[in-house]
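Output the structure for:
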Amino acid sequence: MTTTPARERLRPGLAGDRTGAVVVGGDYQGLGIVRSLGRRGVPVIVVDDEPSIARYSRYAAGHRTVQDLHDPGRALESLLELGRQLQPQRWVLFPTREETVVLVAEHRDVLARLFRVPTPGMDVIRAAWDKRETYRIARAAGVPTPRFWLPSSRAELDEVDLSSPVVVKPAIKENFIYATGVKAWRADDMAQLLDAYDRARRVVDPSEIIVQEMVPGGGDRQLSYCAFFKQGRPVATMTTRRLRQHPSDFGRASTYVRTERLPELTDPSERFLRTIGYYGLVEMEYKVDPRDDIPKLLDVNARTWGYHTLGASAGVDFADLLYRDQTGEPVHGGEAREGVGWLRWSTDLPNAGRDLWHHRLRAREYLRSLRQVDTEAVLSLHDPLPGLAEVVLLPSLAWRRGL
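Residues are numbered from 1 along each chain as shown. Purely as a prediction, here's the structure:
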């Protein structure tokens with residue numbers, strides 16, 4: 001598996017015939033974009049800084065391996081270099097990771113000279129990227145969130161209500177996750193809270209630490225509102241129940257998701273997105289609080305999300321809709337069908353095994369859910385190489401990412 005510059009792998013004349021797409025990040029999320037657009041004959045280049053599966057798709061027109069997408073300077077220069085080698089403004093840019101979304105938002109003006117950039121500017125993206133802003137804006141807009149505290153020192157932890165468990169997490173999650181391998185730490189008492197706070201201070205600035213009330217319940221209470229949003233309204237929507245995630249407690253990624261009609265998410269989600277003037281693809285994650293049966297906003301992802309390919313199976317192909325809008329093609333939205341299931345075997349199976357072992361999941365319940373899977377994140381008979389590549393690459397990627 002060798003690395004070849006993207007321009008050398010493009011089929012002759014293809015880039016000149018049609019507007020292409022550059023997908024930054026070649027994991028299963030990026031693979032979904034490659035397949036969505038590549039099936040339509042759109043030339044797609046995959047950019048990544050690690051061995052990734054999307055480059056092996058039959059629908060990938062090329063790939064480019066760069067030094068480091070985590071380093072803003074190097075990542076920006078890599079994108080600018082690629083953009084200068086392509087026909088200017090003939091390629092739609094799809095960032096798939098939080099840090100690349102922020103990079104594109106911060107340098108939107110210069111990147112827009114070389115690419116079509118659907119990512120909004122930093123004034124909008126900050127509302128999703130920085131959870132302090134997310135919760136502040138949500139509260140001002142009347143969107144329910146869990147209770148949270150922003151302690152600037154150990155002494156201010158006395159203000160935290162510990163009558164129920166809390167979680168200690170970062171306002172900006174990327175560096176924290178790369179350093180710790182987790183999204184948050186649970187605390188049931190002051191001793192655990194102090195310990196978690198001290199550990200978090202060693203990783204991020206104290207001003208970025210959030211102590212948040214832990215919403216009880218499992219996957220049956222984890223809901224999401226997904227949309228292509230434009231000019232204050234949704235063009236296409238999908239609501240889901242995120243039934244399983246990896247890890248099970250504070251999931252970094254969903255592993256089993258099913259579409260479901262959840263009208264209670266519509267008003268708060270649209271209100272939040274209108275408040276910040278959002279454009280593009282978005283996933284908003286909620287959890288229903290069993291104490292009042294109200295969905296509480298937890299997270300906003302201003303990009304494609306891990307299971308976005310569920311939309312195509314349910315009649316709403318989000319990546320294709322965004323591409324069409326950027327290229328001036330007709331855009332026909334709508335609402336995803338309910339009862340459609342998505343699974344990622346490589347993370348769902350081992351995680352389910354752990355939950356079965358610890359009696360958090362019943363075997364009959366797990367087997368029943370497998371009968372409701374309509375699409376798998378990676379495996380495809382029509383495009384088999386990414387699945388084979390994942391088998392080879394997953395151990396090393398799991399070690400690098402602390403999975």
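
relative to its centroid, which residue of this structure is most remote?
Residue farthest from the centre of the chain, counting by Cα atoms, centre = their mean, is Ala155 at 34.6 Å.

any idea how far Tyr197 is from it?
The gap separating Ala155 from Tyr197 is 11 Å, by Cβ to Cβ, to the nearest Å. Yep, even glycine has a C-beta here, placed from its N, CA and C like the rest.

Give me the below-cutoff pLDDT ranges for this protein.
For the chain, applying pLDDT under 70 flags the ranges 1-16, 251, 396-403.

partners of the longest strand anywhere in it in the sheet?
Assignment by DSSP state E gives strand 233-246 as the longest strand of the chain. Strand pairing for strand 233-246, using DSSP bridges, gives strand 222-230 (antiparallel), strand 253-259 (antiparallel), strand 334-335 (parallel).

what does the last one contact?
What it means is strand 334-335. Strand 334-335 is contacted from outside by 236-238, 315-316, using Cβ atoms under 8 Å, 6 or more residues apart in numbering.

that older thread, which positions within the longest strand of the chain qualify as buried?
Residues 234-246 are the ones in strand 233-246 that count as buried (16 or more other Cβ atoms under 10 Å).

Just the closest of these to His308, please.
Ranked by distance to His308 (Cβ to Cβ), the buried residues of strand 233-246 are led by Met238 at 8.8 Å.

list the contacts for the nearest residue to that closest one once chain neighbours are set aside?
In space, and not counting its chain neighbours, Met238 is closest to Ala336: 3.6 Å by Cβ to Cβ, 6 or more residues apart in numbering. The contact partners of Ala336, by Cβ under 8 Å, 6+ apart, come to 226, 236-239, 259, 310-311, 314-316.

picking up where we left off before, output the buried residues of strand 233-246 in a markdown table, with distance to Arg136 appended to each entry.
Formatted as a markdown table, those follow (distance: Cβ to Cβ, whole Å):
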| residue | distance to Arg136 |
| --- | --- |
| Pro234 | 23 |
| Val235 | 27 |
| Ala236 | 28 |
| Thr237 | 25 |
| Met238 | 27 |
| Thr239 | 25 |
| Thr240 | 26 |
| Arg241 | 27 |
| Arg242 | 25 |
| Leu243 | 30 |
| Arg244 | 31 |
| Gln245 | 26 |
| His246 | 29 |
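
can you tell me which of those residues lies nearest to Ile177?
For those, the closest approach to Ile177 (Cβ to Cβ) belongs to His246, at 12.7 Å.

so the closest one touches Asp348, yeah?
Yes: using Cβ atoms under 8 Å as the test, His246 is close enough to Asp348 to be in contact (7.4 Å).

list the residues that contact both of these two?
Listed as contacting both His246 and Asp348 by Cβ under 8 Å, 6+ apart are Thr255.

Can you verify my assumption that Leu281 contacts Asp317?
No: taking Cβ under 8 Å as the definition, Leu281 is not a contact partner of Asp317, at 11.0 Å.

can you redo the strands paired with strand 233-246 as JSON lines with mean neighbour count?
Below are these laid out as JSON lines (neighbours: other Cβ atoms under 10 Å):
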{"stretch": "strand 222-230", "mean neighbour count": "24"}
{"stretch": "strand 253-259", "mean neighbour count": "25"}
{"stretch": "strand 334-335", "mean neighbour count": "15"}
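
Save those strands as TSV, and put in distance to Thr119 too.
TSV is the format used below for the strands paired with strand 233-246 (distance: least, Cβ to Cβ, whole Å):
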stretch	distance to Thr119
strand 222-230	13
strand 253-259	21
strand 334-335	24
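
Identify whichever of the ones you listed lies nearest to Glu99.
Going by Cβ to Cβ, the one of the strands paired with strand 233-246 nearest Glu99 is strand 253-259, 16.0 Å.

hey, C-alpha coordinates of the closest one in CSV?
In CSV, the C-alpha atoms belonging to strand 253-259 read as follows (Å, rounded to 0.1, in the frame of the first residue of the first chain):
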residue,chain,number,x,y,z
ALA,A,253,-18.4,7.4,18.5
SER,A,254,-21.7,5.8,17.9
THR,A,255,-21.7,2.1,16.9
TYR,A,256,-25.4,1.3,16.4
VAL,A,257,-27.9,3.9,15.4
ARG,A,258,-31.5,3.8,14.1
THR,A,259,-33.7,6.5,12.6
